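[1] Make a model of this:
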Amino acid sequence: MSRRRSKSRKKSALSPPQVQAGAVRVQAPLVRIKDLHFSRGERQIFSGINIEIPRGKITAIMGPSGTGKTTLLKLIGGQLQPDQGTVEVDGLDVHRLNTAELYRLRMRMGMLFQSGALL
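    Numbering: from 1, shown residues only. All right, here's what the predicted structure looks like:
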C-alpha cells in the first residue's frame, strides 16, 4: 500500500505538461533560417535556402567538400553576414545581436568538424 501512495505522490509532483501526456506541445525550432542568400565575390553559395532545425534533436550537416557546410555554420554562429535573409537561434536574429549578446549565444554552441573533437 505504501508503494501506491508514493506513486501517487510522484504523479502529483509532476509539472502540468508532464501530467498531460496526451497533449501535444509544438515547440519553435532551435534554428530557423529564412530566405538565406550568401555569396563570396561572384560565387553564389546560398540562394534563398530555408531550414528549420528542431530543438532537442541531433542534426548533422553533411556533403562534399566545397558545398557550404562550414559557411552555413559560420552564418548560424554570426561569424559571417548574409547578403539577404535571416538566421534565428532560439528566437533571436543572430545578425541583429550586439557583441555581448552574440558572445552569450556562442557560449551555448559548439562545432565539430570531421577530424576534430570538442573539449
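[2] and Leu72, that's in a helix?
    Yes: under DSSP: H, G, I helix; E, B strand; the rest coil, Leu72 falls within a helix.
[3] What does the pLDDT read for it?
    If you check Leu72, the pLDDT there is 95.
[4] Next, give phi and psi for the residue lying closest to it once chain neighbours are set aside.
    Excluding its sequence neighbours, the residue lying closest to Leu72 (Cβ to Cβ, 6 or more residues apart in numbering) is Ile61, at 6.2 Å. For glycine as for every other residue, the C-beta is placed from the backbone atoms N, C-alpha and C. Backbone torsions for Ile61, taken as degrees, to the nearest 10, come to phi -110, psi 110.
[5] Ile61: how many residues sit nearby?
    For Ile61, the tally of surrounding residues (other Cβ atoms under 10 Å) stands at 14.
[6] Let me see the contact set for it.
    69, 72-73 (Cβ atoms under 8 Å, 6 or more residues apart in numbering).
[7] any idea how far Arg104 is from it?
    As for Ile61, its distance to Arg104 is 23 Å (criterion: Cβ to Cβ, to the nearest Å).
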